[in-house]
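1. Give the three-dimensional model of this entry:
(2 chains)
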Number of protein chains: 2
Amino acid sequence: MKEGYMSILDSYTTTFGLVKKIDAFGYLDYLKQHPEEPRKRGKVLLVTADTPLKASRGEGKTTTTIALVDALRERGVDAAAVLRQPSMGITAAGSKGGASGGGKSSLSHPELIDWGLCGEMAAIACAQNLLVSFAEKAVDEGVLDTILVPRVSEVPSRSLRSIAVDFGKGTVPERVVLTPTCELMQIVVLSRSMDEISHRVSSMIAGTKDGKPVKFGEFVDLWRITNILADAVKPAKTETINGSPIYVHCGPFANVSLGIPSLVSVEMACAEHDVVVVEAGYGTDAGAQKWLDIAAREFGAKWPAAAVVVTRATTWRDDETLAWRYPFHVSRLESLNIPTFPLINLWEGEDDQVPELLEQAKSLGFRKPIVGNLFRDGGDGLANQLDDFVSAITDDVETKVPESRRGKTLRERINLLCAEAYGVPVERVIDKAGFADSLKEAQDLCANSGVIFDDLALVAVKSPATMTDDDHAPEDSRTVTLKKVEVHAGAGVVQVNLTSSLTTPMPKIV
Amino acid sequence: MKEGYMSILDSYTTTFGLVKKIDAFGYLDYLKQHPEEPRKRGKVLLVTADTPLKASRGEGKTTTTIALVDALRERGVDAAAVLRQPSMGITAAGSKGGASGGGKSSLSHPELIDWGLCGEMAAIACAQNLLVSFAEKAVDEGVLDTILVPRVSEVPSRSLRSIAVDFGKGTVPERVVLTPTCELMQIVVLSRSMDEISHRVSSMIAGTKDGKPVKFGEFVDLWRITNILADAVKPAKTETINGSPIYVHCGPFANVSLGIPSLVSVEMACAEHDVVVVEAGYGTDAGAQKWLDIAAREFGAKWPAAAVVVTRATTWRDDETLAWRYPFHVSRLESLNIPTFPLINLWEGEDDQVPELLEQAKSLGFRKPIVGNLFRDGGDGLANQLDDFVSAITDDVETKVPESRRGKTLRERINLLCAEAYGVPVERVIDKAGFADSLKEAQDLCANSGVIFDDLALVAVKSPATMTDDDHAPEDSRTVTLKKVEVHAGAGVVQVNLTSSLTTPMPKIV
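-> Next up, the predicted model:
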């Protein structure tokens, strides 16, 4: 049997240098058309983390994901992982130079993942920028007067945050954002076929003419965009240094976008493996919230059978005023009936803290933490700690995806989000001056273009390092400020900028 | 024997989807280290063309190149071709949607070549933009005060010709150019190893501090740039629909840059095949001039054993005032001892013009033209016309590369170029106001950074559709105006903007 369905996947697989690329659209469609074909119904394990102390400091989610899949396979579980693709601009311009695990918890070719993979991010950048160029042409031709879609860059440059094009003549102010933050990236993450991508691109609001929204479908040949995307829609397959299968596809940022790999990459992995570890970006308040509330609730992704919340030994303990966050995340996920395992990713010299860490976790009512120096020991250090974890995911518990929230007003959904994911009740969710206008504008834009505003999935846009306006404040005075609303009609999402902190879709290089 | 050296190339070859990528640096280095290994010493055939009537109208060089290699192989000659990679932005935003031949003279996967190939162009764009970002950081840190390297875009947008970054704060004016025009593209074209690329990038002048030039090597970690370039330095191998081998690598524009594929792609092809057809962009005054005067004279590329000058039936005859150009090109190449074959690429409905075309060619003293509708008939239509051509290239004539012109003053070399390639004598080479200052500035920049100005290879920057300020003018009143000088110290070239026509490194989309 196994032989049989492996060869079907093979027929959708092509070698691209040191990785493989898989036509997930074609493969999943084949499985749909052939219900008699065997396939696995893998469970999703979500790897998420404590809210980081700052944006540039990771807790070790990718390292954990790699160690975990190696450890599970060492125990005989057919596990695989799905990672997001790091933004090359960030890895190339950043101090650490990579985002693909480390030490014994590494990929066999991390340099490929970190430095542009097979050009997926670049293709998405080109396609989004071509849309802007066609929008400019539409302005020249009187079809548009205002463009609402930003250009993107794969390389960070702070000076691009605010630019003027046609400088000295038209002098049109613009902003440039990093590729992982753009609507087209969201479309590739959420779509299940090239037709769906086409349809979503045609539904993107390009801009307005005399205040009335105009969609790209009204003036762009969609084949130009889908031709550019071509191989970029195909997940890549690589492996850990221990040979465990790793799929990599799409890299929307978790703080200002979806924070998850493509839906089809996870679905394909679930058809091939019993357990699929999915890494969702930044803290539980970011990528995990988005997997649960966007991917699963609104776009048909699997509800996780278990979750791992990664932290460093220091993150959740050193700043007393922030110590509430880690237990908050763990209990939030448990409250959703997701068996949630604390995982403490030790750094060198921290081994002697294990007893204290376990004690502290116990006093907080956590499940027994999984603890290890994953960089140094890899999956070997975890394998014998996974009994409870493996039980939790192999128990045949029916996991029911909570209901969609489409149809509720955006306000209602924002209030639910703030209460559930950030612990801030409705009375402390505050409108910043201008928010109501921005909301009204977004609603009007939708009304005028036939988009049902309350059916758009809510995407929180916020700093990765904070959940509220001031996480250091005492619980009963924490607030969330609502700043602005932006519609991505093609992706089918509405973005709401939250909290008073800065978001950085175009960070500084270091 | 053949088996033997094919397997060596194979060990430097990797599959990338529907094409192969070849580590040409590694392969050529291996051959250099192993003089005992058999290899071919293929002859280079240059395919060039009449100066087009406008930039967007091709004469059919790529179509000809493909037909020619198919025809030569049909005759039993071990031929291959090397093409430049089209700029995806242009093919995606252009009306024709492709630049890889057509009809029976097509590649087996033209869509790959036209739409980003394996991300080579995108990688070069990222690397060049990252250099600019690091230059900006150097400004913040007081290492630079003026940046001299432009950002690039893979997608055309006229509004990017003049932009301001950090708009509203610093408001720094910039220009953005298309990727195929940038210095990093030139560096990849001209380099024969990754070390050479590193060295050339480190020699690029990033900008100035208090008027003194500062090179990238002084503040950028070069591994960041070479990591991005990685697979982009490897030529791709594909084939025609008839199975003839075609290598594709690099795409510098011929009007404003080098106009030729990478040197290593041609050298690798010459080690594998007896005859290598090289396509050089735009007219004989552009890509061919650059192959001869830059690649061959200054960078060790092979002198062509023969040339084909492509024209349409109409181009060289319809406008009497431009009719001088085609014969000028043919006799210019013949005067360099390159057997030069006119090739007339017929369009539908033009077959009846053949006798007249042949007659006209005869009266001009040309070799017998090769004539065919290459789109309709492919190589089949050419094979039986190639007797003279095959004789010319298989004759064992010693082809001596003319001497380097390094060391002559830029003025001397410009005057030679204008006389030889455009037919304009020194007395009608005119300085535009400001040219002398621009020249002086470039010379000072070099003097202050240890670069020997007169050793830089001259790259003409001009409109693709004109050779002089007014090609319609009578011969004795044609002029060339010198507009400005720009040093690309890393690439080792000095660019001189010529003629009064507009160059368009950032064209309009259509």
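
2. contacting residues for the residue positioned nearest the centre of chain A?
-> Centroid-nearest residue in chain A, with Cα atoms, centre = their mean: A:Gly259, separated by 1.4 Å. Contacts of A:Gly259 were listed using Cβ atoms under 8 Å, 6 or more residues apart in numbering or on different chains, and they are A:84, A:252-253, A:280-282, A:286-287, A:290-291. (C-beta placed from N, C-alpha, C; glycine too.)

3. for the residue of the stretch 301-450 of chain A found nearest chain B, what are its contacts?
-> Closest approach of the stretch 301-450 of chain A to chain B (Cβ to the nearest Cβ) occurs at A:Gly434, with a separation of 18.6 Å. With contacts defined as Cβ under 8 Å, 6+ apart, the neighbours of A:Gly434 are A:483-484.

4. buried set for the helix or strand harbouring A:Ala135?
-> Assigned by DSSP states H and E, A:Ala135 falls within helix A:120-140. Residues of helix A:120-140 classed as buried: A:120-139 (neighbour count, 16 or more other Cβ atoms under 10 Å in any protein chain shown).

5. what does the longest strand along chain A contact?
-> The single longest strand within chain A, with elements called by DSSP state E, is strand A:480-488. The contact list for strand A:480-488 (Cβ under 8 Å, 6+ apart) reads A:183, A:186, A:204-205, A:410, A:414, A:418, A:422, A:424, A:428-432, A:434-435, A:438-439, A:441-442, A:445-446, A:451, A:453, A:456, A:459, A:461, A:468-469, A:494-500.

6. are any of those residues buried, and which?
-> Listed as buried from the contacts of strand A:480-488 are A:183, A:186, A:204-205, A:410, A:414, A:418, A:422, A:424, A:428-429, A:435, A:438-439, A:442, A:445-446, A:451, A:453, A:456, A:459, A:461, A:468-469, A:494-500; burial here means 16+ other Cβ under 10 Å.

7. which residues of the stretch 101-250 of chain A fall in helices?
-> Under the criterion DSSP state H, counting those that start in this stretch, the stretch 101-250 of chain A carries helices at the ranges A:110-114, A:120-140, A:183-190, A:194-203, A:222-229.

8. what angle do the second one and helix A:222-229 make?
-> Relative orientation of helix A:120-140 and helix A:222-229, computed by axes from the mean of the first three to the mean of the last three Cα atoms, to 10 degrees: 160 degrees.

9. Please report the distance of A:Lys209 from chain B.
-> Per Cβ to the nearest Cβ, to the nearest Å, A:Lys209 is found 18 Å from chain B.

10. So in terms of bridging, what pairs with that residue?
-> Judged by DSSP bridges, the bridge partners of A:Lys209 are A:Lys212.

11. Tell me how many other residues crowd it.
-> Residue neighbour count, defined by other Cβ atoms under 10 Å in any protein chain shown, stands at 16 for A:Lys209.

12. tell me the contacts of it?
-> Applying Cβ under 8 Å, 6+ apart, we find A:Lys209 in contact with A:142-146.

13. Find the closest residue to chain B in the stretch 1-150 of chain A.
-> For the stretch 1-150 of chain A, Cβ to the nearest Cβ, closest residue to chain B: A:Gly119, 2.4 Å.

14. Now render the contacts of A:Gly259 as CSV, adding secondary structure.
-> Formatted as CSV, these follow (DSSP: H, G, I helix; E, B strand; the rest coil):
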residue, secondary structure
A:Arg84, coil
A:Pro252, coil
A:Phe253, coil
A:Ala280, coil
A:Gly281, coil
A:Tyr282, coil
A:Ala286, helix
A:Gly287, helix
A:Lys290, helix
A:Trp291, helix
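
15. In the stretch 51-200 of chain A, where is pLDDT below threshold?
-> Across the stretch 51-200 of chain A, the ranges flagged by pLDDT under 70 are A:95-98.

16. Do I have it right that the residue of the stretch 1-150 of chain A closest to chain B meets B:Leu112?
-> No: using Cβ atoms under 8 Å, A:Gly119 is not in contact with B:Leu112, being 11.7 Å away.

17. Of the two, which one has the most company?
-> More neighbours surround A:Gly119 than the other of A:Gly119 and B:Leu112, with 26 against 21 (other Cβ under 10 Å).

18. Identify the residue spatially nearest to that one, adjacent ones excluded.
-> What sits nearest to A:Gly119 in space, not counting adjacent residues and going by Cβ to Cβ, 6 or more residues apart in numbering or on different chains, is B:Gly119, at 2.4 Å.

19. can you tell me which helix or strand the residue in the stretch 401-510 of chain A that chain B sits nearest to belongs to?
-> Closest contact between the stretch 401-510 of chain A and chain B, by Cβ to the nearest Cβ, is at A:Ile509 (5.1 Å). Remark: A:Ile509 resides in no helix or strand, with elements defined by DSSP H and E.

20. Name the nearest residue to it, sequence neighbours excluded.
-> Excluding its sequence neighbours, the residue lying closest to A:Ile509 (Cβ to Cβ, 6+ apart) is A:Ala93, at 3.9 Å.

21. what do you get for A:Pro464?
-> Of all residues not flanking A:Pro464 in the chain, A:Asn255 sits nearest, at 3.9 Å (Cβ to Cβ, 6+ apart).

22. show me the contacts for the one you found.
-> Residues near A:Asn255 by Cβ under 8 Å, 6+ apart: A:55, A:281-282, A:286, A:461-464, A:503.

23. rewinding a little: when you check the buried ones among the contacts of strand A:480-488 against the helices, which ones overlap?
-> Among the buried ones among the contacts of strand A:480-488, the members found in helices (DSSP state H) are A:183, A:186, A:410, A:414, A:418, A:422, A:435, A:438-439, A:442, A:445-446.

24. which one of these sits closest to A:Thr13?
-> A:Gln186 (25.8 Å; Cβ to Cβ).

25. hang on, that closest one packs against A:Pro252?
-> Yes: contact criterion Cβ under 8 Å: A:Gln186 and A:Pro252 qualify, at 6.0 Å.
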